[in-house]
Structures are given as C-alpha cells and as structure tokens.
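*Asks:* Quick one, structure for this:
(2 chains)
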2 protein chains.
Amino acid sequence: MSNRYIVIMAGGRGERFWPLSRLRRPKHLLPIVGDQPMISQTLARIGELVPLDHTLVVTNCEQRQAVLEILPQLPPENIVGEPMARDTAAAVGLSAVLVGRLDPQAAFAILPSDHVIQDEAGFRRCLAAGFEAAEKEPDALVTIGIRPDYPATGYGYIQRGSVAREVGGWPVYQVTRFVEKPDRDTASGYLRSGRFLWNAGMFISRVAAVKKALSTHAPKVWRPLQSIQDALQQGEDLEPLLSRHYPAIEKISIDYAVMEKAASVLVLESGFDWDDVGEWPAVARHFPHDEADNVIQGKGLVRSGRANIVVGDGSHLTVLLGVDDLIVVQTRDATLVCHRSQAQQIKDVVKELAALPEGEAFI
Amino acid sequence: MSNRYIVIMAGGRGERFWPLSRLRRPKHLLPIVGDQPMISQTLARIGELVPLDHTLVVTNCEQRQAVLEILPQLPPENIVGEPMARDTAAAVGLSAVLVGRLDPQAAFAILPSDHVIQDEAGFRRCLAAGFEAAEKEPDALVTIGIRPDYPATGYGYIQRGSVAREVGGWPVYQVTRFVEKPDRDTASGYLRSGRFLWNAGMFISRVAAVKKALSTHAPKVWRPLQSIQDALQQGEDLEPLLSRHYPAIEKISIDYAVMEKAASVLVLESGFDWDDVGEWPAVARHFPHDEADNVIQGKGLVRSGRANIVVGDGSHLTVLLGVDDLIVVQTRDATLVCHRSQAQQIKDVVKELAALPEGEAFI
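*Replies:* Here you go, the predicted structure:
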C-alpha cells in the first residue's frame, strides 16, 4: 500500500458553468452537486485508500490558493499549480515526475476532481483493483471504464477486448479502442453490444510506465518535463522550473497523446454510478424536479413553463414566465439565460467575453 | 386661460414592468423611455398650456413622496395621494373636487402620467382645442382620440359619429361608442373604416360637468366624494377625509362609470404620435434594435438569438444564448425571464408574489 499515490486533476477553467463558475472559482471548487466543493468530495471519496501525504493535486496557479484553503488537510507542497493550461498529457506527465520524485517505484491513479460518484465503497474497490492490476502489469496503463446505463452521447467510450488477467475477482480487459462522443444511434449500438464502457478519465499506472509511454508517443510533451525532472534532481525549485519549461510543452490530451497509441492499455469494467456533470442539464439530474420538470436552486418561481433549470444566488429572486427548456443562472454580477440545447456552447461565450476589453472582469 | 387646469393621473402600481418597476417606483417614476421619469416628461410636455400652480397630480400615498421629489417645481399641496386604489372614476371625481375648490368655473384636463408622445407641439395644439371645446360645450366630456396608424389590439377604441362643432379649425365629433381592445381582424376593420380612434385615456371637461355626470351615472363613486367636498368647505383637512371616505367609493373605471353612459361625450381626432407603452414589447419599439432584432439596454450580450429584449442594471452583465423572443429584466434583487407573448401576464406574477410571505419584499 505504501507506494500507491493519487493525483487529483483540478485544471478546469470554469467555462461550462459560467457565470456560477469562473476562472478562479471553477466547478471543482464549487458545491455544484452536494454541500461541499466537488474537489473536497473527491478527496473524501478516496477514504483510506492512500494516505493524505500520498495524495497530490495538480491545478493551475490561479486556483492553487483556493485549493490550499479548501483542502487544508493536504501537505501544501502536494498542491501544485501549472503556470499555464497545457491539456491533460502535460498534467499527467508532471504527475509522474512529482510522484516519481517521492517514490520511483510508485503506482499512481489519476482522478478528475469534479465528478459525482455516490457509491464510494464501489469506487474504492474498483480503484484498489486498478492499483493491483497496474502493479502486476508494470508496463500497462489501466483505465477505469464505467458500464453505461443509457446511450449517452456526451461521453467518450472505451471498447473492451479479451480478458488480459484477473485481479481480486475482477476481469481486466485489453482495450480495443477509444472512441469519441458518439451520435445517438451509435451510442444505442454501444449499449446493446455490452462491450463499450464510458471513459471516466481515470487511470492507474506505474510511474515508469507513464514516463515511457510519454517519451515514446509524445516526446513534445515529455522532453520539457524531463528537463524539469533533471533540474529537480539537481535541487532546483519546482515553481521557476514550471514557468521556464511549461511554454514548450505540446498541448494535447492524454487520450490522444498516449492512450490511443500505447501498447498495453487495459480497462477495468466498473459498476459504480458515475456522472461527470459536464454541463447544467447534467447537474440538474441530481436535484429535485417539480411537477413540470423544473429544477429550482435558490429563490425562484416558474409560471407556465417546463423543464427549466434555475440557479439562484442567495436572496435574489428569479422569476420565469411562459418559457420552457431554459437554463437561467443568476450571480451577483452576471446572469446567463441559455437554451438547454446550447449548454455546451456556454464555454464559447466565455471565450468571447475573455476577448472583450469589458468582458474580462466577468470570466 | 386662467381657469384651465390639468390633473396628471399617476396611480399605477408598477406591475407590468416588474421587476424594474415596483409598488413604490412604478413606470411613471422611471425613465422607461427617455432620460427623465415619465411623469417629468408629461409635465414638461404641457409647457405653458396652464401655469404650474394649475397643475395637479393624483397619485397614491406610497408614491406621493417620490412624486414630490421628482416634481419640485409643483406646489406640494397640488400633489395628492389617494389612500387606496379605487380605479379611475374615483381619481377623476377627486380631481373635480380639488380643481373645483380652486375655481368652480374651471375646465380641467385629465392626462395619464406615463405615455410617450414625441410631437409635443401637436399635443399642446390638440389639448388647447380640447379646452376650447369643453368651454363651449359646458355639459360635455371631451375626449382625445388618436388616429390609428396600425391595427393595434392593445388599445381601446372610440368610434366617432357626426361632427358636433368646430373649434379653431378642428372638427369635434359626437362619440358613437367606446369599444374594448379588439382582436386583430376587428382592429383591421377599425383601421380601414377611418371612424375609429385610439382611446388615449385623456379628456377635458368643466368641473361641473364631471360632477354632474358622476352623480347621475356613478352615485356610488360620487357620494363619498361629495362628503369629502362638503367637509373641505367646512375647513376640514384633506388627508383624514380621504382616509375616512375612500373605502366607501365604488371601484370602477371612468370609461365604464361615465364615458359610456353620459349624454354628451365628444371626441377630438388627433394626429400626434402616441404610445401608452403598456408592456415591455411596446417599450422596446422606442430603442435601437440590432441586426437580429434584439434590444439591449445596459450591459448585455445576445448570441444565437433573435427578438429578445434585455434590460440590464448598471454594471451587471446579462448574456443570452440560443434563445428567441424573451424579455429579460435584471435588477439588484430580482430577475424576470418572460416570453414576449406573456408580457401582459407579468402583473399576475406580481399579484402572486404579493400573496406570498417571502414575495412581498419584491413587489
């Protein structure tokens, strides 16, 4: 157990839940579902699977202070801020460097910081099996695949192949391929086949396996990270090294950079509930609905309208009249009124705001 | 000229423009179109038609202080607050009592406080002709009818009959009948006929004629007002008299109570522009539209949406995404999101709020 580590990825920019989420207060720092910030729930969910000093958070500089305050139980040096967004391959590679410095023989799990999982015991059993698989297959990247219970079009899928081995009673499958978010018909086919799992963005691997996979398949990601690793070994400080080398890192996701190319990628099929709550309609699924299918958080009133999502702000009153299928989010300084079908486009509006001289104050 | 008076009716409850308008800050106290509160524009529009000390305002107690502050040029005793809403017949009758106390021979005009009229000179010429007609026909109630320029379904109409007389080159018609807001086909017929005019809620009459018409056709309105009048002549103070006698007054509009029944009702056909801006879509007509027909007041952004009306509040940012035909009104403590077709139902929501324990703070 002592050489198991967990790295929580907390790099979100707070775009899809604007205006409730902001650059400095993204989804994982908000109690978007539940009473605690999502990242606190993520840490609590780990339980005693690994000790606290074996738990790291990779976030960005803007959010590091907020993470420190929200997770005072973690050693401050375990909370690392990237100086700029370089997508998930960089963050995973940095995690391998940081964990490897603590224990070169370690296996570590990468966990997103902002997902909803109610079945905590099921989650921990699965993660423990994942560690065991990664330890027994030292070159493998072991992903977690969630058994789908509806034909979701908002998730990527992992197609499983034959059984590679068993650990603790769990079959561990070879991964045949990763697939992008499918259309409805394709998703229905996936569900029927029983061989496609949701890609939950979680995986477990030995430090050495991650470094090797990156250096082989994503040298433009790995080389600057190796420079950081070498300089750390010379006793240099982390923060200036990150500032110096991060700009050179290629911006690419871990799935594109490594998972779809690496020789040994395995998947553990899991049955725990899982929701990445990637947009407002997903959040709304976790809240009570009125008889007209409206969800109201905060002080709100809907008249002659159905399937609306109202997210209020303290004592502010939001009234909807004669409207359907809207997302209305009210904050102190900004309000969003968005059709449900456009929830994925909210991030484009935030990018547009970021480019406006007056808009920057609102992101 | 010296026995001409004007009474501005400012009794609105601020329901149709909620949440921008409130019980204590209704439409006529807001610059809903233009830079000044609507009532200030109304007073300015009168110009030198009557002196300031011949100009009265009938409002309600809740708003009296605000009117005093907005119209400091009026003698404070000319601004009278009704202790409760008793509809327009009561307010007109009270006006007759108050003007009659100043000059029993006076003629006075009743003007709404919150309409938009750009052609101020045309308006004043018409009103002057109305006074002349009322002075020459001492028993008549002389209404102002606006020549329609589109088949409006949101206004009541006045059907004109034969010419009763001419004043200053204006034909003054007998009124055949008053009609309620018509449907679209009926309104088109009215427009084609050339004999139907919009009822602008303005009329001019001698004090004696109004009192006589009320005592004949609306004794339940007039009797309590007569008690007030008698007690005023005994030197009693106005305010306690209003509190004592207002509850007994029948609640009925001047059109129902008198106009549709009185023997001599005349109408002056007017060509000045006129808009009662009775709901948000009417207000929006007076503001610039973007290429997708959106109207944005304040700090707002509409993406992938058309024909929306956004009314912001200072520095607050309101973003609309993928929505059409919405009215979005943002204020410090309340937000409304309403379909354009439901603009007339806003007042029902306000009534509903008024009945809620928590809702009262927002009306």
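*Asks:* ok, residues contacting stretch A:111-119?
*Replies:* Under the criterion C-beta atoms under 8 Å, 6 or more residues apart in numbering or on different chains, residues A:6-10, A:12, A:26-28, A:32-34, A:38-39, A:41-42, A:45-46, A:57, A:123, A:200-202, A:272-277, A:286 lie in contact with stretch A:111-119. (C-beta placed from N, C-alpha, C; glycine too.)
*Asks:* now swap in stretch A:355-363 and tell me
*Replies:* Defining contact as C-beta under 8 Å, 6+ apart, one finds that stretch A:355-363 is touched by A:18-19, A:22-23, A:333-334, A:350, A:352-354, B:299, B:317.
*Asks:* Quick check: the farthest pair among those?
*Replies:* Greatest spatial distance in the contacts of stretch A:355-363: A:Leu23 and B:Lys299, 19.0 Å, computed using C-beta to C-beta.
*Asks:* Distance of the spatially most central residue of chain A relative to A:Val57?
*Replies:* In chain A, the C-alpha nearest the mean C-alpha coordinate belongs to A:Pro112, at 3.0 Å (C-alpha atoms, centre = their mean). Applying C-beta to C-beta, to the nearest Å, the value for A:Pro112 to A:Val57 is 12 Å.
*Asks:* again, but for A:Gln73
*Replies:* With C-beta to C-beta as the criterion, A:Gln73 and A:Val57 are 12 Å apart.
*Asks:* repeat for A:Pro76
*Replies:* For A:Pro76, the distance to A:Val57 - C-beta to C-beta - is 10 Å.
*Asks:* For stretch A:254-265, output the C-alpha coordinates as PDB.
*Replies:* Taking Å, rounded to 0.1, in the frame of the first residue of the first chain, the C-alpha atoms of stretch A:254-265 are listed here in PDB:
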ATOM      1  CA  ILE A 254      -3.600  12.200 -22.600                       C
ATOM      2  CA  ASP A 255      -6.100  10.100 -24.600                       C
ATOM      3  CA  TYR A 256      -4.800  11.400 -28.000                       C
ATOM      4  CA  ALA A 257      -1.100  11.600 -26.900                       C
ATOM      5  CA  VAL A 258      -0.800   8.100 -25.300                       C
ATOM      6  CA  MET A 259      -3.900   6.100 -24.600                       C
ATOM      7  CA  GLU A 260      -4.800   5.500 -28.200                       C
ATOM      8  CA  LYS A 261      -1.300   4.500 -29.100                       C
ATOM      9  CA  ALA A 262       0.300   2.700 -26.200                       C
ATOM     10  CA  ALA A 263       1.000  -1.000 -26.400                       C
ATOM     11  CA  SER A 264      -0.600  -2.100 -23.200                       C
ATOM     12  CA  VAL A 265      -3.800  -0.300 -22.200                       C
END
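*Asks:* buried residues in it?
*Replies:* Residues of stretch A:254-265 classed as buried by neighbour count (16 or more other C-beta atoms under 10 Å in any protein chain shown): A:254-255, A:257-259, A:262, A:264-265.
*Asks:* what does stretch A:202-217 give?
*Replies:* A:202-214, A:217.
*Asks:* which of those lies closest to B:Gln105?
*Replies:* Using C-beta to C-beta, A:Met202 comes nearest to B:Gln105 of the buried residues of stretch A:202-217, at 90.7 Å.
*Asks:* Tell me the secondary structure of A:Arg160, please.
*Replies:* At A:Arg160, secondary structure determined by DSSP: H, G, I helix; E, B strand; the rest coil is strand.
*Asks:* Who's the closest spatial neighbour of it, skipping the chain neighbours?
*Replies:* A:Tyr173 (3.8 Å; C-beta to C-beta, 6 or more residues apart in numbering or on different chains).
*Asks:* Looks like that neighbour contacts A:Gln159 (just checking).
*Replies:* No - A:Tyr173 is beyond contact range of A:Gln159, at 9.3 Å (criterion: C-beta atoms under 8 Å).
*Asks:* related to what we said a few turns ago, so which of the contacts of stretch A:355-363 sit within strands?
*Replies:* A:334, B:317 (DSSP state E).
*Asks:* Just the closest of the contacts of stretch A:355-363 to B:Ala164, please.
*Replies:* B:Lys299 (53.5 Å).
*Asks:* In stretch A:40-48, which residues are buried?
*Replies:* A:40-43, A:45-46.
*Asks:* Repeat that for stretch A:103-111.
*Replies:* Neighbour-count burial for stretch A:103-111 [16+ other C-beta under 10 Å]: A:106-111.
*Asks:* Dump those to TSV, plus pLDDT.
*Replies:* Below are those laid out as TSV (pLDDT from 0 to 100):
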residue	pLDDT
A:Ala106	98
A:Ala107	98
A:Phe108	98
A:Ala109	98
A:Ile110	98
A:Leu111	98
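*Asks:* for the residues you listed, which one is nearest chain B?
*Replies:* Nearest to chain B among those is A:Leu111, at 31.2 Å by C-beta to the nearest C-beta.
*Asks:* Tell me the spacing between the residue in chain A sticking out farthest from the centre and chain B.
*Replies:* Here chain A reaches farthest from its C-alpha mean at A:Ser304, the gap being 37.0 Å by C-alpha atoms, centre = their mean. Going from A:Ser304 to chain B by C-beta to the nearest C-beta, to the nearest Å gives 7 Å.
*Asks:* Which phi and psi values does A:Ala109 adopt?
*Replies:* Backbone torsions of A:Ala109, given as degrees, to the nearest 10, read phi -110, psi 140.
*Asks:* my read: it touches A:Thr42, true?
*Replies:* No - counting by C-beta under 8 Å, A:Ala109 stays clear of A:Thr42, with 11.5 Å between them.
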